[in-house]
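Q: no letters, just coordinates:
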C-alpha cells in the first residue's frame, strides 16, 4: 500500500552517518536544512522561530571538534539539524504558546529535553508552530500565523504539534519533538503522513515546557510533569523515532523483540459515539486485510477492552482540569480535591483494565483520529464540528481515539498506512499501535514490522 511521501531527504540517523563518514560536514547539513526551510516555509509556515545563527556557530564548533574526536554511542544524533515545538524553552528564543504578549520574552535556559538532544549531538535550528495554548487540531496563532499541511495547503497539519509534523513531512528537517495530551503528536503524524510516538506518561521529562506567564527567573524549576501530557518525537522512519525516544528518556527501556508473526493483535475501529469517516475506515480496513493475509493474528473485538465511553468521560474531565490548571470551567464550577481524587481512582482502574488486556494481547491497533486532515477554520476544531460521512459531529468526539492511550498513560506509535480521499483530495492516513506501559520501543518495532508488510 502506497502513501503520499513528499521528500526523499535523509533521516536523522542517515544524516549523522553521512557526517561521520565525511560525506558532508555538520555545517553543510545545517545549511542544507536552512535552505530547505527558506525554500518551503513561505508556503507552509511551519517554523515559528529560527535559530539559524546559533545553529551555524554550533555546527562549526562540532566540525572543529570532529577533527580530533570521534562521537561515542551517547551521541547518536551527531550533526543532525532538527526543530522542536515552540512550547519548549530554547535559551535565547521566545516561548509564547501563541500569545503576542510573550513574543519578546526570551527563555533564559534550555528545557531539559533540549539539553538531552544537544548532548546527543543534535542542533536545534528553530522552533515549530502551535495553536494558542496548544488546544487545537490546527496550528495557527496571532504571533506566527497559520501552518498549512504540506500535502494540501487548504488543510491543517494537525495540532498542537502541527508545525513539527509539517516540517518533518515536507523535508525541512528529519525530526522534531512535540507534546501530546489530546493526540497532539499522533494526529499531526496521521494528518501529515509521518511517524509519531506518544511516549509512556512520565518517560520523557517536560521540565522547561511551561506556560510563558510563569516565572522566568534564573532559579525557577517546574515542580512536576503535567498529568496526562507527554513529550514525543516525530520522524520519517521508525529507526529515528526509537533513537529520539531513547535520547529523551529518563531511564533505559528494554526491547522484547517479539516477531510480529508471534504477536496477537486487537484492532478497534468502532467505538460508541465516535464514528469514523469512510476515508479513514477504508484505508484502515485495507491495512488490516493486508496484515491478515500476511499471517498476522488480529482479533476485531474483545470483552477485555476497557469501557471506552466511561473512561473517555473521565479523561475529558481530567484533561480540562489539567489544561485550565484547576481554574473554573466555563460554567463557573471548579473541581474540588474530591473530584480530582475520584479521577485518579478512575485512571487507576483504567490502567488495571488495560494491564489485563495486555496479558492476552501484545498490541492494540486503532485510528489516531476519525477523519483525515481537516480544512482550515477560524474556529478551533474542538469548538466546532468535524464532517464524518457527510454528517457534522462534535469536534471533541474525535478525542476518544487519542484518549484511548492517553488516559491510562500508554505508549502509542503512529505509522502511515496509506492514503484516503476526502472531497477529492488524496491525503495520508495513519494507524496507532498501542502497547503496555514502558513498551515504547516494542510499539515502535511492531509499527516498523507493520510498515514493512504494508509498503514493501
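A: All right, it came through fine. For clarity, every value in this text was computed on a predicted model and none was experimentally measured. Numbers count the residues shown, from 1 in each chain.
Q: ranges for the strands of the stretch 51-200 of the chain?
A: Here the stretch 51-200 of the chain has its strands, by DSSP state E, counting those that start in this stretch, at 81-85, 123-128, 140-141, 145-146, 175-180, 195-198.
Q: how near is residue 446 to residue 276?
A: Separation of residue 446 from residue 276 (CB to CB, to the nearest Å): 22 Å. The way it works is simple: take the backbone N, C-alpha and C, and place the C-beta from them, glycine included.
Q: hmm, I was thinking of residue 12
A: In terms of CB to CB, residue 12 sits 32 Å off from residue 276.
Q: what number of residues lie near residue 316?
A: Per other CB atoms under 10 Å, the neighbour tally for residue 316 reads 16.
Q: can you list the buried residues in stretch 87-97?
A: 87-91, 93-97 (16 or more other CB atoms under 10 Å).
Q: what's the span of it from first residue to last?
A: Using CA to CA, to the nearest Å, the end-to-end distance of stretch 87-97 comes out at 6 Å.
Q: follow-up on the earlier one: between the buried residues of stretch 87-97, which is nearest residue 289?
A: Set against residue 289, the nearest of these by CB to CB is residue 87 (39.1 Å).
Q: ok, now which ones touch the closest one?
A: 95, 97, 130, 134, 160, 179, 209 (CB atoms under 8 Å, 6 or more residues apart in numbering).
Q: that older thread, who has more neighbours, residue 446 and residue 276?
A: residue 446 (27 against 21).
Q: got the contact list for that one?
A: Here residue 446 is in contact with 260, 263, 362-363, 413, 433, 435 (criterion: CB under 8 Å, 6+ apart).
Q: kindly report the same for residue 37.
A: 47, 50, 125-126, 167, 172-173.
Q: got phi/psi on it?
A: phi -60, psi -50 (degrees, to the nearest 10).
Q: what's the spacing between it and residue 280?
A: 31 Å.
Q: mind jotting down where the helices sit in the stretch 301-450 of the chain?
A: 308-323, 337-357, 399-406, 440-455 (DSSP state H, counting those that start in this stretch).
Q: just name the most buried of these.
A: Ranked by average neighbour count under the criterion mean count of other CB atoms under 10 Å, the helices of the stretch 301-450 of the chain are headed by helix 399-406 at a mean of 26.
Q: remind me what that one packs against, helices and strands.
A: Helices and strands touching helix 399-406, by 3 or more CB pairs under 8 Å, 6 or more residues apart in numbering; DSSP states H and E, are helix 308-323, strand 363-366, strand 425-434.
Q: between those, which one is nearest to residue 56?
A: strand 425-434 (32.9 Å).
Q: ok, back up a step: in a markdown table: the strands of the stretch 51-200 of the chain, plus mean neighbour count.
A: Putting the strands of the stretch 51-200 of the chain into a markdown table (neighbours: other CB atoms under 10 Å) gives the following:
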| stretch | mean neighbour count |
| --- | --- |
| strand 81-85 | 30 |
| strand 123-128 | 28 |
| strand 140-141 | 24 |
| strand 145-146 | 15 |
| strand 175-180 | 30 |
| strand 195-198 | 32 |
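Q: and those strands as JSON lines, adding mean pLDDT and distance to residue 57?
A: As requested, the strands of the stretch 51-200 of the chain are arranged in JSON lines below (pLDDT from 0 to 100; distance: least, CB to CB, whole Å):
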{"stretch": "strand 81-85", "mean pLDDT": "98", "distance to residue 57": "13"}
{"stretch": "strand 123-128", "mean pLDDT": "98", "distance to residue 57": "10"}
{"stretch": "strand 140-141", "mean pLDDT": "98", "distance to residue 57": "29"}
{"stretch": "strand 145-146", "mean pLDDT": "98", "distance to residue 57": "28"}
{"stretch": "strand 175-180", "mean pLDDT": "98", "distance to residue 57": "21"}
{"stretch": "strand 195-198", "mean pLDDT": "98", "distance to residue 57": "30"}
